[in-house]
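>>> just to be clear, the model below is a prediction. Sequence and coordinates:
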Amino acid sequence: MRNSDPYEYYGGALKKVFDAISDGMFGNRDELTMLIDTIRNRNDYYLVCHDFYSYIKAQEEVRNKYNTKMN
């Protein structure tokens, strides 16, 4: 984590989320930007970036199962 490029670590999908946060989409961007800056600056102690992609995969599985049952 600390030796890798930050963008390489958190990737394009999470960068879109970070950009949306920085644009104020989810509330007070100053407070939230301070939080995500820790991740951007290689201080992801809680492995948020690692878990993000598992979360996305789980959401896709739920969406697929829901769509299958609704059709």
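Done, it's in.
>>> can we go C-alpha only for contacts and neighbour counts from here?
OK.
>>> would you quantify the distance from the spatially most central residue of the chain to Val62?
With distances taken as CA atoms, centre = their mean, Leu14 lies nearest the centre of the chain, 3.8 Å away. According to CA to CA, to the nearest Å, Leu14 stands 20 Å off from Val62.
>>> next: Tyr10.
Taking CA to CA, one finds Tyr10 at 23 Å from Val62.
>>> which of the two has more neighbours?
Applying other CA atoms under 10 Å to Tyr10 and Val62 shows that Tyr10 carries more neighbours, namely 22 against 12.
>>> is it true that the more buried one touches Asp51?
No: counting by CA atoms under 8 Å, Tyr10 does not reach Asp51; the two are 10.4 Å apart.
>>> of all the residues in whichever helix or strand His50 is part of, which ones are buried?
Under the criterion of DSSP states H and E, His50 resides in helix 48-70. Within helix 48-70, the residues scored as buried using 16 or more other CA atoms under 10 Å are Cys49.
>>> other SSEs contacting it?
Using 3 or more CA pairs under 8 Å, 6 or more residues apart in numbering; DSSP states H and E as the contact test, the elements touching helix 48-70 are helix 6-22.
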